[in-house]
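Peer 1: I would like to see how this sequence folds:
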Amino acid sequence: METFETDLRSDYYDRSCVEIDLDALRHNFGEIRKMTSPEAGILAVVKADAYGHGAYETAKTLLECGAAGLCLATIDEAVDLRRRGIEAPMMTLGFTDRSRYADAVKYGIEQAVYSYEIAKALSDEATAQGRQIKVHVKLDTGMGRIGFKTDGSDTEEIKRSLSLPGIVPYGVFSHFAAADTDDDAYTMQQYEAFMRQIKELEDEGIVFEKKHICNSAGIMRFPQMHLDLVRAGIILYGLLPPGCPEPPVKPDLIPVMTWYAKVIHVKKIPAGATVSYGRHFTAERETEVATVGIGYADGLSRRLSNGFELVIDGEKCPIIGNVCMDMCMVDTTDMKVRPKVGDKVIVFGRERLADDLADRIGTINYEITCVVGKRVRRLYTGRNG
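Peer 2: From the prediction side, this is the model:
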């Protein structure tokens, strides 16, 4: 892992890079810890390569900060971290194919269980290896995705699942569907269904060591629901869930990722000249065009064509014409200082949030950071360890 103590210079990368500020990540974890119930451990959600930030580097940093464990989406994500030396508790939040249960047991990856068939297959594999596996019972309280029902009709199936050899009933969890909206009644309904089902299981003698339901929005808005664990995701990375109502105490979050590119060419075109594929931009005057070394293959959506502004030397310069696979062009005619090859271009970060890109193309900030391409170099700043 390359870690830089100072601000990134443009000669640290060729076309484009994202800076991952590990000190900002540490700061955000501290802000989350301040608002979290003292009894609740913080699970760091590092699925999808830590929302594009780099799972290994962020996981290592967050565990040093005191994270109680890690949440992943796939068994491959978890196994990769294990093979790289991460020994902390890990759980997958959703589906694992049966063909990968051997790895789940071998590497001690806690599994979500939401059917007897899943529990039985995990039990068979654990027994065959002479081991046990911790499971988290997934309850569907209103997301409508995966999970046992919470109307009592699945209670017997849950009991059967947890009585199998090799199965350790460690946790129980659910997902909020609307904690980042003002539909608090639905969130309360989900929480009550969750706790009611747990109580029914406890009455049957099944006790879970860890209960968790709060996501990032839940952490900020519903401290009474923190329980034993909370799952921090987007707020770790310094961004708020889009549309989330103001929490009682707003954390001081710092965006962890900044996406930089470079000016790779500058020229002037006459009035009437067109730019890029499809000729969707025609210059109305003599226009200075700076070509920037990023395109949609790097994660800069083609829907940002013709109008979205990139930042050069503190000035916003609109993209003209269609974003290409590897490049895009911006109008720099009105810049106060003439641009030159090698100038740093900011796509998003602290000066311009990923939310701006998301709003422009009708998506959410999660997607913006997740889709930054693999060929965009990740450079880490801040203290290394």
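
Peer 1: Would you map the helices across the stretch 151-300 of the chain?
Peer 2: Using DSSP state H, counting those that start in this stretch, the helices assigned to the stretch 151-300 of the chain run over residues 155-162, 184-203, 216-221.

Peer 1: hey, which of those helices is tucked in deepest?
Peer 2: Highest mean neighbour count of these: helix 216-221, a mean of 25 (counted as mean count of other Cβ atoms under 10 Å). Just so you know, the C-beta spots here come from the backbone N, C-alpha and C atoms, and that holds for glycine as well.

Peer 1: And that helix, what does it pack against?
Peer 2: Counting by 3 or more Cβ pairs under 8 Å, 6 or more residues apart in numbering; DSSP states H and E, the packing neighbours recorded for helix 216-221 are helix 22-35, strand 229-232.

Peer 1: could I get the helices of the stretch 151-300 of the chain as CSV with mean pLDDT and distance to Lys120?
Peer 2: Converted to CSV, the helices of the stretch 151-300 of the chain look like this (pLDDT from 0 to 100; distance: least, Cβ to Cβ, whole Å):
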stretch, mean pLDDT, distance to Lys120
helix 155-162, 97, 8
helix 184-203, 97, 19
helix 216-221, 97, 32
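
Peer 1: between these, which one is nearest to His265?
Peer 2: Of all these, helix 216-221 sits nearest to His265, with 40.7 Å by Cβ to Cβ.

Peer 1: Next, Leu63: secondary structure please.
Peer 2: Following DSSP: H, G, I helix; E, B strand; the rest coil, we place Leu63 in the helix state.

Peer 1: pretty sure it contacts Glu87?
Peer 2: No: between Leu63 and Glu87 there is no contact, the gap being 9.2 Å when judged by Cβ atoms under 8 Å.

Peer 1: So those two - more neighbours on which side?
Peer 2: A count of neighbours by other Cβ atoms under 10 Å puts Leu63 above the other of Leu63 and Glu87, at 18 against 9.

Peer 1: ok, and the closest non-adjacent residue to the more buried one?
Peer 2: Ala88 (5.2 Å; Cβ to Cβ, 6 or more residues apart in numbering).

Peer 1: With Gly41 instead?
Peer 2: Spatial nearest neighbour of Gly41, chain neighbours left out: Ala68 (3.0 Å); criterion: Cβ to Cβ, 6+ apart.

Peer 1: ok now do that neighbour, which residues does it touch?
Peer 2: By Cβ atoms under 8 Å, 6 or more residues apart in numbering, the contact set of Ala68 is Gly41, Ile42, Leu43, Pro89, Leu229.
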